[in-house]
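S.K.: what's the 3D shape of this:
(one chain, ligands or ions: 1)
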Amino acid sequence: MATKGEVKKEVFESEEDLAVSLAKYTAQLSDKFCKERGAFSVVLSGGSLINSLRKLVEPPYIDSIEWSKWHVFWLDERVVPKDHEDSNYKLAYDGLISKVPILPGNVYAINDTLSAEAAAEDYEARLRHLVKSNVINISAASGFPKFDLQLLGMGPDGHVASLFPGHPLVKENEKWVTFIKDSPKPPPERITFTFPVINSSAYIALVVTGAAEAGAVQNALGNSQNSEKLPVAMVSPEGELAWFLDTAAASKL
Ligand SMILES: O=C1O[C@H](COP(=O)(O)O)[C@@H](O)[C@H](O)[C@H]1O
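M.R.: Coordinates of the predicted model:
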């Protein structure tokens, strides 16, 4: 399905059309990986992405996807209790996980009783264990975990995960998971995958909607005059990168 390093870009007339296509893309990859290796490791973002995945919980996908083979992870998480309004877990649980038969043991939420630093260490340790048990692949090229699909959103400032423009964490190249205590977007304490993990992915869908995001999309994909490379422009997976844009987000291209 993917050529190594391939970048695809599709611009949709409406967010509704985008959501239909994103569900199809996710379901096709689920089918491919479930057949090939009997498991599908999926990484979710928070924010508007979860709403854009809403078609997955409708026919035909709700009945055709092998949900019991899904293993669900978070690209980043806010260090708040799981039932807190700011929790990316809660967002995904309410919008997706509670509506489909994903096995509770295959949902890898952060330990919300720990500090940000300890939660990041704990999450990385759990990923290392899951690599050993082949739930998550490892990249032969980078030595970092190679998730089957990472579903990325982006903020208007061009941040992905909890990797913000100008923040030293964008340069982290050893840890798999790290933490931030001064996030410019509230809440301040978060854990996040690092770029080597993001960029070892087999497939990434980058889902961006709305006019407020157009400048950052231009920075990554267009002829931007701005020489500072935003975090979103650093997304460059080993496998396929597929941009899902609406016309407003693509308006400066
Ligand atoms: O804080 C976060 O923001 C980004 C973007 O969110 P959006 O609401 O602008 O789509 C999100 O991808 C990330 O997971 C989240 O923690």
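S.K.: tell me the secondary structure at V170.
M.R.: Here V170 is recorded as helix under DSSP: H, G, I helix; E, B strand; the rest coil.
S.K.: tell me what the helix or strand encompassing G215 is packed against?
M.R.: Element membership of G215 [criterion: DSSP states H and E] is helix 214-221. Helices and strands touching helix 214-221, by 3 or more Cβ pairs under 8 Å, 6 or more residues apart in numbering; DSSP states H and E: there are none. Every C-beta, even on glycine, is put in place using the N, C-alpha and C of the backbone.
S.K.: helix 214-221 and the next helix or strand after it, what's the angle between them?
M.R.: Sequence-wise, the next helix or strand beyond helix 214-221 is strand 240-246, with elements assigned using DSSP H and E. Relative orientation of strand 240-246 and helix 214-221, computed by axes from the mean of the first three to the mean of the last three Cα atoms, to 10 degrees: 150 degrees.
S.K.: next one: G155 from A214, what distance?
M.R.: Separation of G155 from A214 (Cβ to Cβ, to the nearest Å): 13 Å.
S.K.: about what we covered before: near the ligand, anything from the helix holding G215?
M.R.: No. Helix 214-221 does not reach the ligand (Cβ under 6 Å from any ligand atom); its nearest approach is 10.2 Å.
S.K.: how about that helix as CSV, C-alpha atoms only?
M.R.: Written as CSV, here are the backbone C-alpha positions of helix 214-221 (Å, rounded to 0.1, in the frame of the first residue of the first chain):
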residue,chain,number,x,y,z
ALA,A,214,-3.5,27.4,7.1
GLY,A,215,-0.2,29.2,8.0
ALA,A,216,1.3,26.2,9.6
VAL,A,217,0.2,24.0,6.7
GLN,A,218,1.9,26.4,4.4
ASN,A,219,5.1,26.2,6.5
ALA,A,220,5.1,22.4,6.1
LEU,A,221,3.9,22.0,2.5
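S.K.: skipping its backbone neighbours, what lies nearest S87 in space?
M.R.: V80 (5.3 Å; Cβ to Cβ, 6 or more residues apart in numbering).
S.K.: could you give the number of residues near that neighbour?
M.R.: V80: 18 surrounding residues under other Cβ atoms under 10 Å.
S.K.: try S142
M.R.: Around S142 there are 14 residues (other Cβ under 10 Å).
S.K.: for it, which non-adjacent residue is closest in space?
M.R.: S200 (4.7 Å).
S.K.: doesn't Q150 make contact with the one you found?
M.R.: No. With contacts defined as Cβ atoms under 8 Å, S200 does not count as touching Q150, sitting 9.5 Å away.
S.K.: common neighbours of the two, please.
M.R.: P237 (Cβ atoms under 8 Å, 6 or more residues apart in numbering).
S.K.: out of those two, name the residue with the larger neighbour count.
M.R.: A direct count of neighbours by other Cβ under 10 Å for S200 and Q150 places Q150 higher, at 29 against 24.
S.K.: shouldn't L206 be within a strand?
M.R.: Yes. Counting by three-state DSSP, L206 is part of a strand.
S.K.: and for it, the neighbour number?
M.R.: Here the number of neighbours of L206 (other Cβ under 10 Å) works out to 25.
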